[in-house]
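Engineer: Sharing a model prediction with you, sequence too.
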Amino acid sequence: MVPTTIEADTTVSSGERLKKLAELSLTLTGEPASIFRRIAQMIGEMLDVRVVCLSEIRGDELYFISVYVDGKVMLDAGHCPLSITPCATVESTKDLRIYERVIELFPEATFLKEHHAHSYCGFPALDANAEVLAVTCLLDDKPHEFSQEDQDLLRIFGQRIAFEIERKRQLDAQLKAEQVLMKREQHYRHLVETAHAIPWTFDMRTMRFTYVGPQAEAVLGYLANDWYGDDFWPEHIHPEDRDWAVKFCMTSAANCEDHDFEYRMIAADGRVVWIRDSVNVLADENGPYELHGFMFDVTERKDVEKAHNSLAEIDASNDIQEFYRLCVLSLAQVYGCQYAFIGLIADDARSRVKTQAVWAGSEFADNFEYELEGTPCAEILEQTLEIVPKDAAEKYPDDVLLAEMGVDSYFGAPLVTSDGDTIGLVSVMDTKAMELTPWIHPVLGMFANRIAAEVDRHHTMEELEHRVEERTGHLVEAREEALRANSAKSEFLSRMSHELRTPLNAVIGFAQLLAMRLDEQPEHLESVSEIIEGGEHLLKLIEEVLDLSRIEMGTIMIQSEPIDISTVITESLRFIRPQAEQRGISIEYTNKGPTMVVADKVRLKEILLNLFSNAVKYNNDKGKIIVEYAKHDQSTARIDVRDTGPGLDSEQLSMLFEPFSRLGAEYSGIEGTGIGLSIVKKLVELMGGEITVDSMVGRGTNFSIHLPLAAQA
């Protein structure tokens, strides 16, 4: 079967979809796993499908990372070969595909059989190189139509899924990279060979350093001889770390325990330097006598960790400009540089850039726009340059801003969206030469990826919001038009009913007068009686149409107040008993509940008479009617009206409260209009209640009315 695109409305209302999309644009944030869960749930609820399966393609396998089934979502639900599934056609065509009777087309795909899939709609999530990262499929056990609007919205979801898949992979890669770096850090020899490791020894008996390596001057700015004085080490620990660090080291040493710990020291120039101290304890039979250790400068690692944490914590969902400002501030702190900025291409010719946030020395500067020609930024955007470690102003003499700011070094990274478009750049600059270590070199790229992703997401959200506003306007217009049409219909029915009722009353009246004169002529009297009976039936129909019209127009008056329910039930049953007795139908009534409910007495009596009358008309001869009143819960009472008639099937139940629907009784000779139950349902709801029905073919029907209880005095 050739896949086709099916144009139709979905069963979920457009208003509900728009609400979900608004919710998406405002609140869909968090870890990729939670976003995959929410996306699957939102698609399932919006398009009213039983199953939504969000699957990542890894090689030749399809991994089910988020599966929505009948309102519930499962994560990491297994995998299967891609080639045996309809998702393979989505992957090969890189576009949305729709199938009907999908099990017949892909019999080897067991997950289709498990969910009794009849209809299938799959759409891809494409990366910047137009490669399919994931396929999300929608399954239903019945034919399901997907309109063009549905398909367009699914493609937008595909963009978000692709972004989250790439973000997930990036986070996984970063985690692995961090674990590798942490393992490397544990190898003392490699770290000691760098200039940032200070070897030392300490005599536990004299409580003095006996050796401090010359690296101390490079790391902290103090000469090695300065360390040999009394209390030099604790006095130069950061005040917030001093007490616990000294206590931890001395306690561990006294217990002959080797130990590692991290704390801050104050350098000679006032800088705060993070130190990781790795200590070995030497001991004899008298206890510890000497400590050997290495002090490692881990300030860069701490700055990178801080950058990682700040980047993860920055929330761009509400204010993209504040996100830009926090990014440049974090970059300036990590690189210890004078300047940091984010710029986006400002024109179609790609010749100008406008800054979005600028950090300059000690404060945020105003944004500005500049020409790219002759600047290192142009080469960053072309991805032919990454860093100018020194003499940047001399190498780019046409860039007057570099000279004005005294820039000596420049480091930049392009902003590339998920579609592969370069939209801008992020850069850090300093007034001195810049040396990038393995720790801080990748940080700028990490920020560039996040910034590009947020710009991409922001543009997608703006597009969604525009579509929501546009659709909302259409819905408002459609709703107003529907209200006008409904009002016109109700007004027409009301006028026509009034016009018909006047002559019909005259016909019935004259027929009754004629009947009085024909007592002696039975052959004519029967015909006149049929005229009267037909007229009264039509009059009843007109009255019910009028009632329905008043309800729909909102002009019917409901005066709810505390009433004695037992009195209303008893009076209504008294009225219906003669009809029941004519057919040998017995009536049982039990009262088990509180006496007072809140309702309109006249309308409630009308409701009960309708239900009682139906229970007689549609019952079997010598059948039974059981009426029971009881307390349902703390705030509501329940009236049950049960008969022993033929009952209703599921199709009849679905149409029971539709106006003018008699469910086949029009062929039975039983009198009725098909409007009564529609009026009953609307009146119950207007009184703040609810009516439900339960029926089984051959066993009768039970109507239940739930009404609010009156407050007890």
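Structural biologist: Now that the structure is in, tell me what you want to look at. Numbering: from 1, shown residues only.
Engineer: any weak-confidence spans in the protein?
Structural biologist: 1-28, 184-196, 311-318, 438-440, 482-555, 659-676, 712-713 (pLDDT under 70).
Engineer: Report the buried residues of the strand ranked longest in it.
Structural biologist: Assignment by DSSP state E gives strand 272-284 as the longest strand of the chain. In terms of neighbour count (16 or more other C-beta atoms under 10 Å), strand 272-284 has its buried residues at 273-279, 281. Heads up, the C-betas are built off the backbone N, CA and C, glycines and all.
Engineer: likewise stretch 233-245?
Structural biologist: 233, 236-237, 241-242, 245.
Engineer: Please enumerate the strands of the stretch 1-150 of the chain.
Structural biologist: For the stretch 1-150 of the chain, the strands defined by DSSP state E, counting those that start in this stretch occupy 51-58, 61-69, 72-75, 79-81, 97-100, 119-126, 132-140.
Engineer: Can you lay out those as TSV showing mean neighbour count?
Structural biologist: Formatted as TSV, these follow (neighbours: other C-beta atoms under 10 Å):
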stretch	mean neighbour count
strand 51-58	22
strand 61-69	21
strand 72-75	14
strand 79-81	14
strand 97-100	20
strand 119-126	26
strand 132-140	24
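Engineer: Format those as JSON lines; extra columns: distance to V353.
Structural biologist: What follows is these, written out as JSON lines (distance: least, C-beta to C-beta, whole Å):
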{"stretch": "strand 51-58", "distance to V353": "36"}
{"stretch": "strand 61-69", "distance to V353": "38"}
{"stretch": "strand 72-75", "distance to V353": "42"}
{"stretch": "strand 79-81", "distance to V353": "45"}
{"stretch": "strand 97-100", "distance to V353": "41"}
{"stretch": "strand 119-126", "distance to V353": "28"}
{"stretch": "strand 132-140", "distance to V353": "30"}
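Engineer: Tell me which of those sits nearest to Q148.
Structural biologist: Ranking the strands of the stretch 1-150 of the chain by proximity to Q148 (C-beta to C-beta) places strand 97-100 first, at 11.4 Å.
Engineer: counting contacts, what elements does that closest one pack onto?
Structural biologist: strand 119-126 (3 or more C-beta pairs under 8 Å, 6 or more residues apart in numbering; DSSP states H and E).
Engineer: pretty sure C337 belongs to a strand, no?
Structural biologist: No. Counting by DSSP: H, G, I helix; E, B strand; the rest coil, one finds C337 to be coil, located in no strand.
Engineer: hey, what's the closest residue to it other than its chain neighbours bridged with?
Structural biologist: Nearest non-adjacent residue to C337, counting by C-beta to C-beta, 6 or more residues apart in numbering: D430, 4.0 Å away. Counting by DSSP bridges, D430 is bridged to S409.
Engineer: Is D430 in contact with V407, as I believe?
Structural biologist: Yes. Using C-beta atoms under 8 Å, D430 is in contact with V407, at 7.2 Å.
Engineer: joint contacts of the two?
Structural biologist: Common contacts of D430 and V407, defined by C-beta atoms under 8 Å, 6 or more residues apart in numbering, comprise 338-339.
Engineer: can you tell me how far A630 sits from Y589?
Structural biologist: Distance of A630 to Y589, given as C-beta to C-beta, to the nearest Å: 12 Å.
Engineer: next one: D348
Structural biologist: For D348, the distance to Y589 (C-beta to C-beta) stands at 82 Å.
Engineer: Which residue of the two possesses the greater neighbour count?
Structural biologist: Y589 (13 against 6; other C-beta atoms under 10 Å).
Engineer: sec struct for E465, please.
Structural biologist: Look at E465: counting by three-state DSSP, its state is helix.
Engineer: Could you pull up the residues touching the nearest residue to H292 once chain neighbours are set aside?
Structural biologist: In this structure, H292 finds its nearest non-sequential neighbour in N280, 4.7 Å apart by C-beta to C-beta, 6+ apart. Remark: with contacts taken as C-beta under 8 Å, 6+ apart, N280 is in contact with 258, 291-293.
Engineer: Then I266?
Structural biologist: For I266, the contacting residues are 236-238, 272-273, by C-beta under 8 Å, 6+ apart.
Engineer: May I see those organised as CSV, with distance to M250 added?
Structural biologist: Shown next, in CSV, are the contacts of I266 (distance: C-beta to C-beta, whole Å):
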residue, distance to M250
H236, 17
I237, 13
H238, 18
V272, 23
V273, 22
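Engineer: which residues in the stretch 301-450 of the chain form strands?
Structural biologist: Going by DSSP E, counting those that start in this stretch, the stretch 301-450 of the chain shows strands at 339-345, 352-360, 363-365, 369-371, 387-388, 409-416, 422-430.
Engineer: can I get these in CSV with distance to T299 and mean neighbour count?
Structural biologist: Below are these laid out as CSV (distance: least, C-beta to C-beta, whole Å; neighbours: other C-beta atoms under 10 Å):
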stretch, distance to T299, mean neighbour count
strand 339-345, 19, 24
strand 352-360, 20, 20
strand 363-365, 24, 12
strand 369-371, 34, 13
strand 387-388, 21, 21
strand 409-416, 19, 24
strand 422-430, 17, 23
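Engineer: Quick one: those as TSV, columns for distance to L444 too.
Structural biologist: Formatted as TSV, the strands of the stretch 301-450 of the chain follow (distance: least, C-beta to C-beta, whole Å):
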stretch	distance to L444
strand 339-345	9
strand 352-360	14
strand 363-365	19
strand 369-371	20
strand 387-388	9
strand 409-416	5
strand 422-430	7
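Engineer: Of all those, which one is nearest R58?
Structural biologist: Here strand 409-416 is closest among the strands of the stretch 301-450 of the chain (C-beta to C-beta), at 23.4 Å.
Engineer: Pull the residues that contact that closest one.
Structural biologist: Under C-beta under 8 Å, 6+ apart, the answer for strand 409-416 is 128, 335, 337, 342, 344, 376-377, 380-381, 383, 385-390, 392, 402, 422-430, 432-434, 436, 444-445, 447-448, 451-452, 455.
Engineer: okay, the angle between it and strand 422-430?
Structural biologist: Here strand 409-416 runs at 160 degrees with respect to strand 422-430, directions being taken by axes from the mean of the first three to the mean of the last three C-alpha atoms, to 10 degrees.
Engineer: all strands for the stretch 501-650 of the chain, in order.
Structural biologist: Counting by DSSP E, counting those that start in this stretch, the stretch 501-650 of the chain has strands at residues 561-564, 586-591, 596-599, 624-631, 636-643.
Engineer: Could I get the buried residue list for stretch 290-298?
Structural biologist: Residues of stretch 290-298 classed as buried by neighbour count (16+ other C-beta under 10 Å): 290-291, 293-298.
Engineer: Run through who's touching it.
Structural biologist: Contact with stretch 290-298 is made by 185, 188, 191-192, 196-204, 210, 216, 219, 253, 262, 273-282, as judged by C-beta under 8 Å, 6+ apart.
Engineer: can you pull out the helices in the stretch 101-250 of the chain?
Structural biologist: Applying DSSP state H, counting those that start in this stretch to the stretch 101-250 of the chain gives helices spanning 102-105, 110-114, 148-185, 188-192, 215-220, 232-235, 242-254.
Engineer: Which one of the ones you listed lies nearest to I43?
Structural biologist: helix 148-185 (6.4 Å).
Engineer: Please report how far A378 lies from D399.
Structural biologist: 10 Å.
Engineer: what about D399, distance to A365?
Structural biologist: From D399 to A365 the distance is 17 Å (C-beta to C-beta).
Engineer: go on, I625?
Structural biologist: Per C-beta to C-beta, I625 is found 85 Å from A365.
Engineer: What about the residue lying closest to L372 once chain neighbours are set aside, how many residues nearby?
Structural biologist: Excluding the flanking residues, the one nearest L372 by C-beta to C-beta, 6+ apart is A378, at 4.3 Å. Neighbour count of A378, defined by other C-beta under 10 Å: 19.
Engineer: what's the spacing between A378 and E235?
Structural biologist: Counting by C-beta to C-beta, the gap from A378 to E235 is 52 Å.
Engineer: Ok, A267 next?
Structural biologist: 13 Å.
Engineer: sorry, back to before: for the buried residues of stretch 233-245, which one is nearest V602?
Structural biologist: Closest to V602, out of all of the buried residues of stretch 233-245 and judged by C-beta to C-beta, is D241, at 82.0 Å.
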